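Engineer: predicted model and sequence follow; I will ask about them next.
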Amino acid sequence: QVQLVESGGGLVQPGGSLRLSCAASGSIFRINAMGWYRQAPGKQRELVAIIPSGGSTNYADSVKGRFTISRDNAKNTVVLQMNSLKPEDTAVYYCSAEIRTAWGTRASGFWGQGTQVTVSS
C-alpha cells in the first residue's frame, strides 16, 4: 500500500507565493519520477513539473521561471515552490510518483488526493 499526501494549498493573491509538499509513504522500494499535475475546472489534467530520480527537471511552459520543483529522496518528498502566481494557476494540484514497491517489480503510478490552489484578489 502506497499513499501520497499533499499539503500547502490555499487562497493567495495574484503575485503571491505558495509551497506545495507531497510525502510518499507505505510499501516503497524505490521512487522513480515525482511530479505535479493540475486540473482546472472544465479542463484536462496537465503536467506542471516533473523531477526524475536523477537528471534534469521539466516544466510546463506556462510555469517556467515561476515554479520550482525539488525532492528529498531520503524523506520521499517532493515540493513545488510557486511564485508570482496568476489567476490562471488556479486549479486542483495533484502529486504523482512512479514507485516500485519491491525489488524486481515494475514501477506503478500513484496519485495524491489533490490540493486546491486559488489565485484571486
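Structural biologist: It's in.

Engineer: the spatially most central residue of the chain sits in which helix or strand?
Structural biologist: Nearest to the mean C-alpha position of the chain, by CA atoms, centre = their mean, lies residue 36 at 2.5 Å. Using DSSP states H and E, the element containing residue 36 is strand 30-39.

Engineer: quick one: name whatever helix or strand follows that strand.
Structural biologist: The element immediately downstream of strand 30-39 (helix or strand, assigned by DSSP H and E) is strand 46-51.

Engineer: the most far-flung residue of the chain relative to its centre and residue 97: what is the separation?
Structural biologist: What lies farthest from the middle of the chain is residue 104; by CA atoms, centre = their mean that is 26.3 Å. Distance of residue 104 to residue 97, computed by CB to CB, to the nearest Å: 19 Å. Where C-beta positions appear, they are placed from N, C-alpha and C, glycine not excepted.

Engineer: can you check residue 1 too?
Structural biologist: If you measure residue 1 against residue 97 using CB to CB, the figure is 14 Å.

Engineer: residue 53 now?
Structural biologist: When CB to CB is the yardstick, residue 53 and residue 97 sit 10 Å from each other.
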